[in-house]
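Chemist: Using only what follows, build the 3D model:
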Amino acid sequence: MSYGVAEALQTAVYQHLIADTTLAGLVGTAIYDALPTGTLPSIYVALGPEIARDRSDKTGGGAEHEFTVSIVTDGAGFAAAKTAAAAVSDALVDADLTLTRGVLVACNFYKATAARVGTGDMRRINMIFRARVDDV
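Modeler: Below you'll find the model as predicted:
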């Protein structure tokens, strides 16, 4: 297995999301790799956990990364969060990401969960994507 491409993949995903004009129109600059301290905006996007699995073969090292992108809002209802989630999905599915190490073979949507958080004032959508990378 190669986990060597993990940081390059995360960086490329983050850079791709912050460059997406549709997503920026919905959440502004509130796209985070690490949440800032202090008060958070009313709606934001955050990169979350990942699970990596070995996909190496005789041609070289590789892995499948299941990574989470979360959309969180304190707005009423799920509409704004779902609109932002659609923009994230549109930006990442089949994206042509340039990695500083390795190569992205595919990036696809896997699943999502939408739920109220805590007392119900917050809404959160966790989207999971699968990225297949080769460490070449």
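Chemist: Number of residues surrounding T37?
Modeler: 6 (other Cβ atoms under 10 Å). Where you see a C-beta, it was placed from the backbone N, CA and C, and this is true even at glycine.
Chemist: ok, which stretches of this protein are helices?
Modeler: Along the chain, counting by DSSP state H, helices occupy 6-19, 21-27, 79-92.
Chemist: Pretty sure H65 sits against A52.
Modeler: Yes - with contact defined as Cβ atoms under 8 Å, H65 counts as touching A52 (5.0 Å).
Chemist: Now the common contact residues for those two.
Modeler: A6 (Cβ atoms under 8 Å, 6 or more residues apart in numbering).
Chemist: Between these two, point out the one with more neighbours.
Modeler: Each of H65 and A52 has its neighbours counted (other Cβ under 10 Å); H65 has more, 22 against 18.
Chemist: Centre-most residue in the chain?
Modeler: V69 (3.4 Å; Cα atoms, centre = their mean).
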